[in-house]
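Participant: I would like the atomic coordinates for the input below:
(chains A and B)
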Amino acid sequence: MAITRRQVLRTTGSGLIAAAAARYLPAGSAHAQAGAKTLVFGGSIPMSGASAETGQNVLFGYRAAIKKINEDLGGVKIGNETYKLDVKMFDDASDPSRATTLIQRQVDEGINYFLGSFGSNIVLPSCAITERARRPMVQAGAGSDLVFTQKRKYVFGVFPRASLQFETSADFLKSLTPAVKRVAFIYTNDAFSKFQAEGGKKALEDKGMSVADMIQLPAQVSDVSTVLSSIRANPPDVLICCVHDDAAILIARQMVSTGTNVNLLYQTLGPQTEAYRQALGNYANGVVTQAYWSEGAAFKGSYFGTAKDFADYYRKNFDRPLTYHMASGAACILAYVEAMKNAGSIAPEDVRDALAKLDFKCFYGHIRFTADGDGDPKLLGPLIVQNQSGKVEVVFPEEAAAAKAVYPVPSWKDRA
Amino acid sequence: MVALQTLIDGLILGGVFSLAAVGFSLIFGVLGIVNLTHGIFVVAGAYIALLLWSGLGLDPLVGIPVIMVVLFATGYVYQRTIIQWATERATVVASLLVTFGVALVMRNILQLIFSSDIRSISPSYSFVSFSLGDLRIDAVRVAGLTTSLVLLTVLTLFLSRTSFGRMIRATAQQPLAAGLSGINVPHVYGLTFALGAAFAGASGAVIGIVAPFSPATEAIWTLNAFVVVVLGGVGSPAGALLGGLLLGVINTMTAQYIGPSFTNATMFLVLVLMLLVRPQGLMGNAFGESR
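Facilitator: Below you'll find the predicted structure:
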């Protein structure tokens, strides 16, 4: 019997489609690989560009949780099936437009569960795509209120939204002696920092502190000498910087070199990183920041055990220095897995509903989301930490504190 | 007093901008190439300074000659191969795309080698400042400004007093006549590009001690160089100095009297006005009517 050209094309085409399906069939469809089914988490993350350092920190957190669940726990049982986990994250180069292209492609390829990038400017357009596709996204990189106040149902964050991140900070500043009377904010004009500073101003004013200045910088900062001149002319008790890592280093360095002293420098992002401590050396001592997790915290639960156990596991398996971002990234994976177990299903809609109802304790803390999808501020608000003698110590809230806050801090020249 | 402090801050910042832009200006003036790899040379200079400082304990400013030699060699090879191929086979405009593409590749290579983490160089004088009455001056930035002025003066003397400088000027003004006079024009183009790369690398050492850097920051330094050249004019160290100082003062004055968030907006407003009113820049094209 003669084989027609059409038959050849049909057979070849079906073969190619079958091969592609075996390669790319994602997540919930649980492609079988030698008997094991795999749940695939997709997304983009800054592995290059301005947010790369923190982006990679979050990525290492994702990897740590995947490694633990696959290699130590033998996968995860959902319903009657046991699944391995896999993560397919692409480099978005800290570029929102590249991120949206990558996310759309993954949605088209059938990825059902998404993890977040780092930076509200990237997550905002990305989560609009996953929301439209009705695929859940659990993320540890976007705190902007815009992520959580636009009636999205499929986006969850393991932090409170930016405007609610200062509740603990306000209590901390209120607890200091001598009393903090005047506070100044420096913030960059980006989707996260602006909301955080405005939320911070409100939280502080509600506690009776006066916010003397709200100084807005452009998103890219190359010099703050003029701003520091005005700070020196009228120094506040506490200077709060809601900026990203590079700007935090620039501000702190210029404060030291121009002798701009305040009773307390509080920078929400930056001091957590190794780069900050290397750039500032001893001058990093006394600087206060936020941490959404600390290895000294009394959190514990299934999977990793205690916070200290997570830190030990991470250091044993990875070289990149540990920051709270790794813990946040790992918490995203645990939240997904726990939600899937509770749902007994891997269907995206069921997983979304289970995430909304999630109430579970682990090494990261007590994970529960608000109705808008951000972390419950009472449970997932930041710890206040301070660099003291080269170590990062939790100084507030009191029940989690490992050290007493140094306030007022010595002048820069006494920290050399 | 506030105005004086702002002016001093602006001039100090501008000195760094000037040095970072002079290589771009020279290459633009002589070869007619908008070198979008410029920021890569700046950041590469910062990374070499970091290696010398952390590995050998060599002060970044003392390490400048080493950095300049490395980038001079790199720049020469780059111009005589990739850029020359592109401009010979297409047009000078093709170099715009080529340098853009190479910048993307180089940014990723830098990231592979040094990671994407933010780096800083903190020599012993990084955090020193001195006071003149109520004025506060950041020593490390003054060191940067001084280095910039010294290097720009050296470049000016080099271009005006040496036979090689005359060859560069002759090639920039009339490449055909220069060739007919026995000057090896492609070689001079290569050396000029190399000189531009060397000065960009030197500015990287200065920038490394005043600001954090990573492979991603290269784009900012290309952009700043472009603005400086539009303001000051093409091809001369004096134009780069004027443009850089002006950009620095515009930055700090805007931050002080309008608002820190408007610095970039003002910078680009001035850029647009300059292109409308005096597109050749304040000092004009150093190489006259040839282009």
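Participant: got the confidence number for A:S29?
Facilitator: A:S29 is assigned 39 on the pLDDT scale.
Participant: burial check on whichever residue of the stretch 1-150 of chain A sits closest to chain B, number of neighbours?
Facilitator: Proximity of the stretch 1-150 of chain A to chain B (Cβ to the nearest Cβ) peaks at A:A52, 3.1 Å away. Heads up, the C-betas are built off the backbone N, CA and C, glycines and all. For A:A52, the count of nearby residues is 26 (other Cβ atoms under 10 Å in any protein chain shown).
Participant: can you check A:S230 too?
Facilitator: So A:S230, with other Cβ under 10 Å, has 19 neighbours.
Participant: give the contact list for it.
Facilitator: A:213, A:215, B:256 (Cβ atoms under 8 Å, 6 or more residues apart in numbering or on different chains).
Participant: those residues in strands, which ones?
Facilitator: A:213, A:215 (DSSP state E).
Participant: just put the contacts of A:S230 in TSV and tack on pLDDT.
Facilitator: Below are the contacts of A:S230 laid out as TSV (pLDDT from 0 to 100):
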residue	pLDDT
A:D213	91
A:I215	93
B:Q256	86
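Participant: list only buried entries from the contacts of A:S230.
Facilitator: A:215, B:256 (16 or more other Cβ atoms under 10 Å in any protein chain shown).
Participant: out of the contacts of A:S230, which is nearest to A:Y113?
Facilitator: A:I215 (40.4 Å; Cβ to Cβ).
Participant: hey, what's the closest one bridged with?
Facilitator: Under DSSP bridges, the beta-bridge partners of A:I215 are A:I186.
Participant: quick one: the helices in the stretch 151-291 of chain B?
Facilitator: With helices called from DSSP state H, counting those that start in this stretch, the stretch 151-291 of chain B shows them at B:163-173, B:175-180, B:185-210, B:218-232, B:237-257, B:263-277.
Participant: do the stretch 201-350 of chain A as well
Facilitator: A:225-233, A:245-257, A:274-280, A:307-317, A:324-343, A:348-357.
Participant: just give the nearest non-adjacent residue to the residue of the stretch 1-150 of chain A closest to chain B, would you?
Facilitator: B:S116 (3.1 Å; Cβ to Cβ, 6 or more residues apart in numbering or on different chains).
Participant: wait, that neighbour touches B:T217, no?
Facilitator: No. Contact criterion Cβ atoms under 8 Å: B:S116 and B:T217 do not qualify, at 10.7 Å.
Participant: those two: who's more crowded?
Facilitator: More neighbours surround B:S116 than the other of B:S116 and B:T217, with 26 against 22 (other Cβ under 10 Å).
Participant: where does that one fall, secondary structure wise?
Facilitator: For B:S116, there is no host helix or strand (DSSP states H and E).
Participant: for the residue in chain B that chain A sits nearest to, list the residues it contacts.
Facilitator: Here chain B gets closest to chain A at one residue, B:S116, 3.1 Å apart by Cβ to the nearest Cβ. By Cβ under 8 Å, 6+ apart, the contact list for B:S116 reads A:46-49, A:52-53, A:56, B:214-216.
Participant: ok, now A:A50?
Facilitator: Applying Cβ under 8 Å, 6+ apart, the residues contacting A:A50 are A:94, A:244, A:246, B:214, B:216.
Participant: next one: phi and psi at the residue of chain B closest to chain A?
Facilitator: The phi/psi pair for B:S116 (degrees, to the nearest 10) reads phi -90, psi 0.
Participant: next one: it from B:T222, what distance?
Facilitator: 18 Å (Cβ to Cβ, to the nearest Å).
Participant: that older thread, give the contact list for the residue of the stretch 1-150 of chain A closest to chain B.
Facilitator: A:A52 neighbours (Cβ under 8 Å, 6+ apart): A:46, A:94, B:111, B:115-117, B:214, B:216.
Participant: all helices for the stretch 1-150 of chain A, in order.
Facilitator: So, for the stretch 1-150 of chain A - with DSSP H, counting those that start in this stretch - the helices run A:5-24, A:52-67, A:96-109, A:120-132, A:145-148.
Participant: closest one to A:T258 among those?
Facilitator: helix A:52-67 (25.5 Å).
Participant: which SS state does B:V34 fall under?
Facilitator: coil (DSSP: H, G, I helix; E, B strand; the rest coil).
Participant: could you do A:V385 as well?
Facilitator: Once three-state DSSP is applied, A:V385 turns out strand.
Participant: ok, it to A:I346 distance?
Facilitator: 37 Å.
Participant: the more surrounded of these two?
Facilitator: In terms of neighbours (other Cβ under 10 Å), A:V385 is the more surrounded of A:V385 and A:I346; the figures are 27 against 21.
Participant: break chain A down into its structural domains.
Facilitator: A:22-161+A:296-380, A:164-294+A:382-415 (automatic domain parsing).
Participant: tally of neighbours for A:L358?
Facilitator: Using other Cβ under 10 Å: A:L358 sits among 18 other residues.
Participant: please name the nearest non-neighbouring residue to it.
Facilitator: That would be A:A339: by Cβ to Cβ, 6+ apart, it lies 5.4 Å from A:L358.
Participant: contact residues of the stretch 101-250 of chain A facing chain B?
Facilitator: A:189, A:215-218, A:220, A:222-227, A:229-230, A:232-233, A:245-246, A:249-250 (Cβ under 8 Å from any Cβ of the partner chain).
Participant: again, only this time at 7 Å
Facilitator: Applying Cβ under 7 Å from any Cβ of the partner chain, we find that the stretch 101-250 of chain A lies next to chain B at A:189, A:215-218, A:220, A:222-223, A:225-227, A:229, A:232, A:245-246, A:249-250.
Participant: and these, which are buried?
Facilitator: A:189, A:215-218, A:220, A:222-223, A:225-227, A:229, A:232, A:245-246, A:249-250.
Participant: check the residue of the stretch 1-150 of chain A closest to chain B and give its pLDDT.
Facilitator: With respect to pLDDT, A:A52 has a value of 86.
Participant: A:A21 too?
Facilitator: A:A21 is given a pLDDT of 42.
Participant: now A:F299
Facilitator: So, for A:F299, pLDDT stands at 86.
Participant: swap in A:G373?
Facilitator: 96.
Participant: now swap in A:G329 and tell me
Facilitator: 97.
Participant: contacting residues around the residue lying closest to it once chain neighbours are set aside?
Facilitator: In this structure, A:G329 finds its nearest non-sequential neighbour in A:G61, 2.2 Å apart by Cβ to Cβ, 6+ apart. For A:G61, the contact set (Cβ atoms under 7 Å, 6 or more residues apart in numbering or on different chains) comprises A:325-330.
Participant: going by distance to chain B, which of those residues wins?
Facilitator: A:H325 (12.8 Å).
Participant: just to check, that closest one is in contact with A:T54?
Facilitator: Yes. Using Cβ atoms under 7 Å, A:H325 is in contact with A:T54, at 5.7 Å.
Participant: enumerate the residues of chain B near chain A.
Facilitator: So chain B meets chain A at B:2, B:5-6, B:9, B:13, B:108, B:111, B:116-120, B:122, B:126-129, B:136, B:138-140, B:211-212, B:215-216, B:220, B:251-252, B:255-256, B:259-261, B:263-264 (Cβ under 7 Å from any Cβ).
Participant: would you mind listing which of the residues you listed are buried?
Facilitator: Buried, going by 16+ other Cβ under 10 Å: B:5-6, B:9, B:13, B:111, B:116-120, B:122, B:126-129, B:136, B:138, B:140, B:211-212, B:215-216, B:220, B:251-252, B:255-256, B:260-261, B:263-264, out of the residues of chain B next to chain A.
Participant: the residues you listed in strands, which ones?
Facilitator: Counting by DSSP E, these place B:129, B:136, B:138 in strands.
Participant: got JSON lines for those residues, with pLDDT too?
Facilitator: Listed next are those as JSON lines, based on pLDDT from 0 to 100:
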{"residue": "B:S129", "pLDDT": "80"}
{"residue": "B:R136", "pLDDT": "80"}
{"residue": "B:D138", "pLDDT": "81"}
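Participant: specify the beta-bridge partners of A:M89.
Facilitator: Beta-bridge partners, per DSSP bridges, of A:M89: A:G43.
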